[in-house]
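[1] Predicted model and sequence below, questions to follow.
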Amino acid sequence: MNAAQENGAGPSVLEVEGLKKHFPVKKGLLSRHAGKVYAVDGVSFEIGHGETLGLVGESGCGKSTVGRTVLRLIDPTEGTIRLSGRDVTHLSKTDMRPVRREMQIIFQDPYSSLNPRMSAGDIVGELLRVHGLGTSAERQEWVAELFERVGLSRAQMDSFPHEFSGGQRQRIGIARALALNPKLIVGDEPVSALDVSIQAQVINLLMDLQQEFRLSYLFVAHDLAVVEHISHRIAVMYLGRIVEYTDKRTLFTDPQHPYTEALLSAVPVPDPRLRRKKMVLQGDVPSPISPPSGCHFHTRCPYAEERCRIESPPLREIAPGHTVACHLR
């Protein structure tokens, strides 16, 4: 039984194993190969039916690249991606087309992800037309139902993106993601561009839709409070690698990786009477072009030993459903 099943989420919708994405770095007039950006460097996880996996970490750690590579918007360098047990890692564009109906994305910026020359109804209905689903009248009716389901009105189908607020635009993005009845939705920081009050509304909408359609989410974010609210399990990334992976309750009450401890110590406490011990990390995040040897975190870790500078720690299980990549655990 896998971790997703143990959490009551059922068989896995998505299985990712040893995923790597390295971008070439080219310099000079002849575009000579000058190195690689190790954006994603050996990531493994799985997501069950009706489950949300939160993927968190600092900006530039590779979490958005993971989401886009999983969807095959970016081709992986190495690793395996399975959707409902089917290996989609090396499928051609033609073979991927029917698979794309099963997985969609909600982008971070709700304005730039919408075509300003198309009405909101046409934006959502375009996916149905491209995949040849239903008649024109049936597509129109399904789009109208989606609009109502995400908190918009049928009358707004003829409006254009600039006529909507930021939260309403993101609701259009959510309706578009739902149009093909997918199994998996990747949320690439879908609420980070919204006001805090609107964030809560959109998060609650996503959770309601998950219950109604039994959706699975890969929720990419840097806001731990948002991730705690929506996720069942959480994976913490640092410089292209997952360093801790467990259920949300364990992560917030018993973090085991020093980097996770540092992230949690930076979360504001709403009660001014409570004091939280701050763990301030020294130095800057290393460059993904030339990551440190051994444990990528050792250059900033207050507990680092000589072994950490030499050996890369494997992601190992220290308790049922709780894995950590640290020599000291």
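    Perfect, I can see it now.
[2] now the helices for this structure?
    Counting by DSSP state H, the chain has helices at residues 3-6, 63-70, 93-99, 120-130, 136-149, 166-178, 196-213, 224-230, 248-253, 258-265, 306-310.
[3] now the fifth one and helix 166-178, what's the angle there?
    If I follow you right, that is helix 136-149. Orientation check (axes from the mean of the first three to the mean of the last three CA atoms, to 10 degrees): helix 136-149 against helix 166-178 gives 130 degrees.
[4] Also the longest one?
    Taking the same axes, to 10 degrees, one finds helix 196-213 and helix 166-178 inclined to each other by 20 degrees.
[5] Go ahead and name everything in contact with helix 196-213.
    By CB atoms under 8 Å, 6 or more residues apart in numbering, the surrounding residues in contact with helix 196-213 are 50, 52, 149-151, 165-167, 170-171, 174, 178, 181, 187, 190-191, 194, 215, 217, 226, 229-230. All C-beta spots, glycine's among them, are computed from the backbone N, C-alpha and C.
[6] swap in the fifth one?
    With CB under 8 Å, 6+ apart as the test, helix 136-149 has contacts from 120-121, 124-125, 128-129, 133-134, 153-154, 156-157, 175, 178-179, 209.
[7] my guess is Cys308 meets His327, correct?
    Yes. Shown here, Cys308 and His327 form a contact pair, counting by CB atoms under 8 Å, at 5.7 Å.
[8] okay, the two: which has more neighbours?
    Each of Cys308 and His327 has its neighbours counted (other CB atoms under 10 Å); Cys308 has more, 22 against 18.
[9] Tell me which residues touch that one, please.
    Gly294, Cys295, His298, Cys301, His327, Leu328.
[10] Swap in 7 Å and give it another go.
    Gly294, Cys295, His298, Cys301, His327 (CB atoms under 7 Å, 6 or more residues apart in numbering).
[11] for those residues, which one is nearest Thr253?
    Distance to Thr253, by CB to CB, is smallest for Cys301 among the contacts of Cys308, at 21.4 Å.
[12] quick one: the closest one and Arg309, what's the gap?
    Using CB to CB, to the nearest Å, we find Cys301 at a distance of 10 Å from Arg309.
[13] Of the two, which one has the most company?
    Cys301 (19 against 13).
[14] Hmm, the more buried one is touching Thr260, no?
    No. The pair Cys301 / Thr260 is not scored as a contact, 11.6 Å apart, by CB atoms under 7 Å.
[15] Which members of the contacts of Cys308 are positioned in strands?
    Judged by DSSP state E, these include no members of strands.
[16] And the pLDDT for Leu178?
    Listed pLDDT for Leu178 reads 95.
[17] Find the residue closest to it in space, skipping its chain neighbours.
    With sequence-adjacent residues excluded and distances taken as CB to CB, 6 or more residues apart in numbering, Leu178 is closest to Leu146, at 5.8 Å.
[18] So the one you found versus Met103, what's the distance?
    Distance from Leu146 to Met103, by CB to CB: 17 Å.
[19] quick one, which of the helices of the chain is nearest to Gly321?
    helix 3-6 (5.2 Å).
[20] quick one: buried residues of stretch 18-34?
    Leu19, Lys20, Lys21, His22, Phe23 (16 or more other CB atoms under 10 Å).
[21] of all those, which comes closest to Ser31?
    Phe23 (13.5 Å).
[22] so that closest one bridges to which residues?
    Val37 (DSSP bridges).
[23] what's near enough to touch it?
    So Phe23 contacts Lys36, Val37, Ala39 (CB under 7 Å, 6+ apart).
[24] ok, so of the contacts of Cys308, who is nearest Cys61?
    Of the contacts of Cys308, the one sitting nearest to Cys61 (CB to CB) turns out to be Cys295, at 14.5 Å.
[25] Return the distance of Phe147 relative to Thr260.
    40 Å.
[26] which of those two has more neighbours?
    For Phe147 versus Thr260, the count of surrounding residues by other CB under 10 Å is larger for Thr260: 24 against 21.
[27] coming back round to it: could I have the buried ones of the contacts of helix 136-149 as ChimeraX selection syntax?
    Entered in ChimeraX, the line below selects the buried ones among the contacts of helix 136-149, by 16+ other CB under 10 Å:
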select :120,121,124,125,128,133,156,157,175,178,179,209
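[28] Let me know the closest of the contacts of helix 136-149 to Ser44.
    Looking across the contacts of helix 136-149 and measuring by CB to CB, the closest to Ser44 is Leu209, at 27.3 Å.
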